[in-house]
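**Student:** Only the shape, not the letters, is given here:
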Ligand code: SF4
């Protein structure tokens, strides 16, 4: 059986799908390789949500072209958001690719495998690995809803991943039970908008109902979920977070802009005032909450004053983490059709740097409050001779110990803080 290497870029949904593809290939007896040159079969799980990501994908595709010239038996599979409905056109552009399949289109992968004599099992399997791709991880990403119905004006996702389709509650519970039997301790439920979960299912269960069901699985220690949408997040969900012990105190709630006119042009369907109110409710109900957000700078027409509104929102709300991106037009989207990409690249860069600078100070202040505190982490693996894991609030922590902490909950005391990670000393044992 071929040795495979999966290259993944983009969001958690892509990472979840790569875990699933690894599971399928493992089921056929294929072995994971450590890099492209060691593989006979490579899978590129792509992202085109921003120009920079698309450039990396194109660069990797051309690198593989060279590899295939030297090793004509190398098989190249491409999935993720690069793959649209016009696969024939993509096939013409990239003739060295053996299979293009849309995100989540596993029947296509299985059928291709069968033709190649790779007997992929049809049943759902997932083999979580840590970011290095090889070591087993006690944390699994579980897709619960595919696609997105929102059509935010800048976003390509609904065009590539299609409309929302939720997985039935029983199917998800069954999968998580199986994973827990195999040693998984933490699951992150992923979807482009997890707050839409279930509206297309009989009886309309929602995310809070799903969290309730999963909380009943005995050896599952932690549950997370992402990404939320400020227009859809419900009070019922916030209350479920507050009351269910296994649900971690961490929420990804992208605001995108601190200016109401820009939010309107982005078609986000909430106002800055509504967003602030939500944050207030969440912090009141779940006082330990750690909040992450996404911000786009340099959206078409964004004036200096409108950008300042985003900056003051950041200063006012004090997020734990911000993912900030410069707007890049995505062909086919509403913003690409209707607006000029009129903010110069250097202005976008300046705005991005300003947000990152302010955020580094805020994150450093927030994290320094953890100094000397005792917290729980789940051991996820080793890096640079140290164990690493995350707190319930999703902060990355490193500590030294000779024991085996993979998949174990450890009590640790924070000794060192920075905006990005923490250093700690083991407390228990
Ligand atoms: S909610 Fe908006 S930004 Fe998120 S995937 Fe859907 S369209 Fe894109």
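**Tutor:** Structure's in. What do you need? Small disclaimer: the values here were computed from a predicted structure and weren't measured.
**Student:** Now do the SS call for residue 293.
**Tutor:** strand (DSSP: H, G, I helix; E, B strand; the rest coil).
**Student:** how about the most far-flung residue of the chain relative to its centre, phi and psi?
**Tutor:** Relative to the C-alpha centroid of the chain, counting by Cα atoms, centre = their mean, residue 70 is the outermost residue, at 34.4 Å. Residue 70 adopts backbone torsions of phi -80, psi -30, taken as degrees, to the nearest 10.
**Student:** do you know how far it is from residue 9?
**Tutor:** 24 Å (Cβ to Cβ, to the nearest Å). From N, CA and C alone the C-beta is placed, and that goes for glycine too.
**Student:** what residues does the protein put near the ligand?
**Tutor:** 148, 150, 151, 152, 155, 157, 158, 192, 193, 229 (Cβ under 6 Å from any ligand atom).
**Student:** Surely the fifth one is in contact with residue 330?
**Tutor:** This points to residue 155. Yes. The criterion here is Cβ atoms under 8 Å, and residue 155 meets it with residue 330 at 7.3 Å.
**Student:** who touches both of those two?
**Tutor:** residue 49 (Cβ atoms under 8 Å, 6 or more residues apart in numbering).
**Student:** What is the helix ranked longest in the chain packed up against?
**Tutor:** Determined from DSSP state H, the single longest helix within the chain is helix 345-368. For helix 345-368, the packing partners by 3 or more Cβ pairs under 8 Å, 6 or more residues apart in numbering; DSSP states H and E come out as strand 290-297, helix 304-317, strand 321-326, strand 409-417.
**Student:** These: which one's closest to residue 137?
**Tutor:** Proximity to residue 137 (Cβ to Cβ) singles out strand 409-417 among those, at 14.9 Å.
**Student:** which parts of that closest one are buried?
**Tutor:** The neighbour-count check on strand 409-417 (16 or more other Cβ atoms under 10 Å) flags 409, 410, 412, 414, 417 as buried.
**Student:** Now do it: distance to the chain's middle.
**Tutor:** 25 Å (Cα atoms, centre = their mean, to the nearest Å).
**Student:** contacts for that strand?
**Tutor:** Here strand 409-417 has contacts from 185, 221, 364, 367-368, 370-379, 389, 397, 399, 422-428, using Cβ under 8 Å, 6+ apart.
**Student:** Need the mean per-residue confidence for stretch 272-287.
**Tutor:** The pLDDT scores in stretch 272-287 average 98.
**Student:** Going by neighbour count, list what's buried in that stretch.
**Tutor:** Under 16+ other Cβ under 10 Å, the buried positions of stretch 272-287 are 272, 275, 278, 279, 282, 286.
**Student:** Contacts only, for the nearest residue to residue 361 once chain neighbours are set aside.
**Tutor:** Among residues not flanking residue 361 along the chain, residue 419 sits closest, at 7.9 Å (Cβ to Cβ, 6 or more residues apart in numbering). Contacts for residue 419 (Cβ under 8 Å, 6+ apart) come out as 359, 360, 361, 363, 364, 367.
**Student:** how many other residues sit next to the residue in the stretch 301-429 of the chain that the ligand sits nearest to?
**Tutor:** The stretch 301-429 of the chain approaches the ligand most closely through residue 333 (8.9 Å), counting by Cβ to the nearest ligand atom. Using other Cβ atoms under 10 Å, the number of residues around residue 333 comes to 19.
**Student:** quick revisit: so what does the residue nearest to residue 361 have for phi and psi?
**Tutor:** phi -60, psi -20.
**Student:** now swap in the one 4 residues further on and tell me
**Tutor:** Here is the backbone geometry of residue 423 (degrees, to the nearest 10): phi -110, psi 150.
**Student:** what's around it, how many residues?
**Tutor:** Residue 423: 15 neighbours (other Cβ under 10 Å).
**Student:** my guess is it contacts residue 399, does it?
**Tutor:** Yes. Counting by Cβ under 8 Å, residue 423 does reach residue 399; the two are 7.1 Å apart.
**Student:** residue contacts, the closest residue to residue 355 other than its chain neighbours?
**Tutor:** Counting by Cβ to Cβ, 6+ apart, the nearest residue to residue 355 once its immediate chain neighbours are dropped is residue 324, at 4.7 Å. Residue 324 sits next to 294, 295, 296, 297, 352, 355, 356, 359 when contact means Cβ under 8 Å, 6+ apart.
**Student:** Report how many residues lie close to residue 90.
**Tutor:** Residue 90, neighbours per other Cβ under 10 Å, totals 15.
**Student:** And the pLDDT for it?
**Tutor:** 90.
**Student:** residues contacting it?
**Tutor:** Contacts of residue 90 (Cβ under 8 Å, 6+ apart): 78, 82, 83, 84, 97, 100.
**Student:** Farthest pair within those residues?
**Tutor:** 84 and 97 (14.0 Å).
**Student:** So between these two, which is more surrounded?
**Tutor:** residue 97 (20 against 15).
**Student:** That one: helix or strand, and which one exactly?
**Tutor:** According to DSSP states H and E, residue 97 maps onto no helix or strand at all.
**Student:** Quick check: it touching residue 91?
**Tutor:** Yes. Between residue 97 and residue 91 there is a contact under Cβ under 8 Å: 6.8 Å.
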